[in-house]
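S.K.: Quick check, what structure comes out for this input:
(chains A and B)
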Amino acid sequence: MERLDAEKGMKQESAELLIEGAGKRFGEVAALDGVSLQVARGELLTILGPSGSGKTTLLKVVAGFEKPDTGSVKIDGVEITALPPARRDIGMVFQNYALFPHLTVERNVAFPLEMRNVAKPEIVRRVADALALVELAGYGQRLPRQLSGGQQQRVALARAIVFNPRLLLLDEPFGALDRKLRETMQLEVRRLQRRLGLTTIFITHDQEEALVLSDRIAVMNKGTIQQIATTTEIYERPANDFVADFVGESNIFHGAMSGPGTVALEGGRTLQVKSDKPAGAKVGVLMRPERFASGGANAFAGEVIEAVYLGTSFKLRLACEGGLELLVRQPARGALPAPGTRVAVGIDPDAIHVF
Amino acid sequence: MSRRVLVVACGLIYLFLMLPILVVFPISLSSAPYMQFPPPGLSWQWYERYLDDPQWIEATWRSLYIGTATACLALGLGVPLAFSLVRGKFLGRGFVERLALAPVIVPTIILSVAVYGIFAKLKLIGAWYGLVVAHTVLALPFVVLVMVAGLRDFDRGLEHAAEGLGASRWRTLTRITLPLLRPSLVSAGLLAFISSFDEVVVALFLAGANMTLPKKMFDNILMEIDPTIAAVSVMQILLVSLVLVLIGRFGRGLSGSAR
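M.R.: Below is the predicted model:
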């Protein structure tokens, strides 16, 4: 009940973000190389990439800590590229939370409101609402160091949303939490974000986290966006080698279309696929380990060179004919195949992605 | 075995350091009219002598306000300097940092003679604010060292967070940065105060007739040796100890370990 009331006070129109041709160089290195992207109102977009991919620079450009050499950032059509961070109205949760250690939880959350000269009684009300929303009512008088990691995380979140920001930025906020707590917090952030309708950008290098949380994912590498798409699109139909390899486990091979619906791999093996690419086109082929079955249009037989038991499944590495090495997941039934065992698997054409 | 040697060695060193204090305390309570150890009897007469002598009291007050003014001025100059040394990028930064620490290296007597030359021309000899200026030069290295250490450890992510949450540069400084640096500020200020309060060489040259406490003590030893000096020493030791306790409680050392 208390939560519902708190929510009503905070629900608001969040903004649409538009980044056009953002570029940023540090000396010889292009940290951002003409990045354009759009985040719809109320959407949660994840920027996924390895360290050094430029995702943190992009975040800093959006938040105003870094000025792009080229390009622009707009919120609701208004250019904010030159605006200092303090005047952007963007809520941010930092990697290490960045809670002010000398202020109580209450004062931490009140900080952005005080900076906006909100009237005292209203500050008190809104801080209480925000703390209720992250289920920390009653913790207001504590100091950050008296809280657990998960609680600190919630305070940081409350502080980032208490002033009804136009945009919420989350910079790898779950990195320091243990696995279980991380999963809880992920779901919680997602729920809160949906309920408040907050336009949100989430930065992470953890592809699993990205799949759990996002509406859409932008995969970054070397300062450019490799692909922006929905989570299923990214996983099932990656645009290139990098995306296919970075998101999830994968078997990636290269070859050329040898006829309608057939690919000749570099090793000589041909595969039946579903693709309308013209004959002769150079293509990449992605087979997800879990898409293999005991039989299918494309059959493989190989010797187990590595077998791992994962509880719900076996993860097998197979050395197949023609020098192909396959990563295969099978439901964990019976005994784990010993190395050296011969195993036959197959995959259907529509489970193979050609790019 | 080796541990016992260590304990004995440390004990001896400690005793050597503490001995003057162990002697000064009883003498300050002596009933004899001259320096004698052990004292033949106990009395408060030397403390009364100190409190009744306007010259002593005047010198004490002068030292207190000169020390306080020195601490304020040294903080006022040293804190911005430390900020620019840690955060600024300018040509000759390393040189400026070494220059700020130079007063530690230059013999105080050399400094005193030099300052005396200038102050004599400017007619600043005997002026309390002249002494404040000279003491600030000596105190500045302490302030810069402590503040630079504090600032190097400072997590600038907190400032970014504050700015991101809507704080201007100024409010970030006053609401976040300076409150978080308070332990360093306390240490720096108190160290600056002590360095002035205890200082005798510069005071000998510049104080003129307006004596500071250390200079008055020095003159007292030259003119008439009586246990008053022991009583004053005891009070000075207690005050400086109190300041050191305050540093330990509210301040922050150079070691980089935040309290």
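S.K.: so what's the backbone phi/psi at A:Gly259?
M.R.: Geometry field for A:Gly259 lists phi and psi as phi 180, psi 180, criterion degrees, to the nearest 10.
S.K.: Report the contact partners of the residue lying closest to it once chain neighbours are set aside.
M.R.: Of all residues not flanking A:Gly259 in the chain, A:Ala279 sits nearest, at 5.7 Å (C-beta to C-beta, 6 or more residues apart in numbering or on different chains). Yep, even glycine has a C-beta here, placed from its N, CA and C like the rest. By C-beta atoms under 8 Å, 6 or more residues apart in numbering or on different chains, the contact list for A:Ala279 reads A:Met257, A:Ser258, A:Gly259, A:Pro260.
S.K.: In ChimeraX, how would I select the buried members of those residues?
M.R.: The ChimeraX selection below is limited to those of those classed as buried (16 or more other C-beta atoms under 10 Å in any protein chain shown):
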select /A:257
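S.K.: buried set for stretch A:311-322?
M.R.: A:Ser313, A:Phe314, A:Lys315, A:Leu316, A:Arg317, A:Leu318, A:Cys320.
S.K.: now do stretch A:269-283
M.R.: Buried residues in stretch A:269-283 (16+ other C-beta under 10 Å): A:Arg269, A:Leu271, A:Val273, A:Ser275, A:Lys277, A:Val283.
S.K.: any idea which of those is closest to chain B?
M.R.: A:Val283 (44.9 Å; C-beta to the nearest C-beta).
S.K.: any idea of the pLDDT on that closest one?
M.R.: For A:Val283, the model assigns a pLDDT of 91.
S.K.: Now do the contacts for it.
M.R.: Contacts of A:Val283 by C-beta under 8 Å, 6+ apart are A:His254, A:Gly255, A:Ala256, A:Met257, A:Val263, A:Ser275, A:Lys277, A:Val354, A:Phe355.
S.K.: Mind putting those residues into JSON lines with distance to chain B, secondary structure and pLDDT?
M.R.: JSON lines is the format used below for the contacts of A:Val283 (distance: C-beta to the nearest C-beta, whole Å; DSSP: H, G, I helix; E, B strand; the rest coil; pLDDT from 0 to 100):
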{"residue": "A:His254", "distance to chain B": "43", "secondary structure": "strand", "pLDDT": "92"}
{"residue": "A:Gly255", "distance to chain B": "48", "secondary structure": "strand", "pLDDT": "90"}
{"residue": "A:Ala256", "distance to chain B": "50", "secondary structure": "strand", "pLDDT": "90"}
{"residue": "A:Met257", "distance to chain B": "50", "secondary structure": "strand", "pLDDT": "90"}
{"residue": "A:Val263", "distance to chain B": "49", "secondary structure": "strand", "pLDDT": "90"}
{"residue": "A:Ser275", "distance to chain B": "47", "secondary structure": "coil", "pLDDT": "85"}
{"residue": "A:Lys277", "distance to chain B": "47", "secondary structure": "coil", "pLDDT": "86"}
{"residue": "A:Val354", "distance to chain B": "44", "secondary structure": "strand", "pLDDT": "91"}
{"residue": "A:Phe355", "distance to chain B": "39", "secondary structure": "coil", "pLDDT": "90"}
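S.K.: want to throw these into CSV with distance to A:Gly34?
M.R.: Below are the contacts of A:Val283 laid out as CSV (distance: C-beta to C-beta, whole Å):
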residue, distance to A:Gly34
A:His254, 27
A:Gly255, 31
A:Ala256, 30
A:Met257, 31
A:Val263, 32
A:Ser275, 30
A:Lys277, 27
A:Val354, 28
A:Phe355, 22
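S.K.: so the residue nearest to A:Gly259, which of the three states?
M.R.: coil (DSSP: H, G, I helix; E, B strand; the rest coil).
S.K.: what are the phi and psi values for it?
M.R.: Dihedral angles (degrees, to the nearest 10) for A:Ala279: phi -60, psi 140.
S.K.: Helix or strand: which one has residue 158?
M.R.: Going with chain A. helix A:149-161 (DSSP states H and E).
S.K.: my bad, chain B
M.R.: helix B:156-164.
S.K.: C-terminal to that helix, which secondary structure element comes first?
M.R.: helix B:169-172.
S.K.: start to end distance for stretch A:240-260?
M.R.: Taking C-alpha to C-alpha, to the nearest Å, stretch A:240-260 runs 21 Å from one end to the other.
S.K.: And that stretch, what's buried?
M.R.: A:Phe242, A:Val243, A:Ala244, A:Phe246, A:Val247, A:Gly248, A:Ser250, A:Asn251, A:Phe253, A:Gly255, A:Met257.
S.K.: Let's see which of these end up in strands.
M.R.: A:Asn251, A:Phe253, A:Gly255, A:Met257 (DSSP state E).
S.K.: Can you read off the pLDDT for residue 197?
M.R.: Going with chain A. Per-residue pLDDT puts A:Gly197 at 90.
S.K.: Please refer instead to chain B.
M.R.: B:Phe197 is given a pLDDT of 92.
S.K.: Over to A:Gly52?
M.R.: For A:Gly52, pLDDT reads 87.
S.K.: And for it, the neighbour number?
M.R.: Around A:Gly52 there are 15 other residues, counting by other C-beta atoms under 10 Å in any protein chain shown.
S.K.: if I look at it, how far off is B:Phe205?
M.R.: Applying C-beta to C-beta, to the nearest Å, the value for A:Gly52 to B:Phe205 is 60 Å.
S.K.: likewise A:Gln193?
M.R.: From A:Gln193 across to B:Phe205, the span is 70 Å (C-beta to C-beta).
S.K.: Could you identify the helix or strand that succeeds the longest helix along chain A?
M.R.: When chain A is parsed with DSSP state H, its longest helix is helix A:179-196. Using DSSP H and E, the helix or strand that directly follows helix A:179-196 along the chain is strand A:200-204.
S.K.: what does that next one rub up against?
M.R.: A:17, A:39, A:43-48, A:55-56, A:59, A:62, A:167-172, A:174, A:193, A:210, A:213-214.
S.K.: at 6 Å what do you get?
M.R.: A:44-47, A:55, A:59, A:168-172, A:193, A:210, A:213 (C-beta atoms under 6 Å, 6 or more residues apart in numbering or on different chains).
S.K.: Inside helices: which ones of these?
M.R.: A:Lys55, A:Leu59, A:Gln193, A:Ala210, A:Leu213.
S.K.: still on that earlier bit, between the buried residues of stretch A:240-260, which is nearest chain B?
M.R.: Out of those, the member with the shortest distance to chain B (by C-beta to the nearest C-beta) is A:Phe246, at 27.3 Å.
S.K.: Counting neighbours, what do you get for residue 145?
M.R.: No chain was given, so I picked chain A. By the criterion of other C-beta under 10 Å, A:Arg145 has 8 neighbours.
S.K.: that's the wrong chain, I meant chain B
M.R.: 20.
S.K.: Where does it fall, secondary structure wise?
M.R.: B:Leu145 belongs to helix B:128-153, assigned by DSSP H and E.
S.K.: just the contacts of A:Val283 now: which is nearest A:His205?
M.R.: Checking the contacts of A:Val283 against A:His205 by C-beta to C-beta gives A:Phe355 as the nearest, at 22.6 Å.
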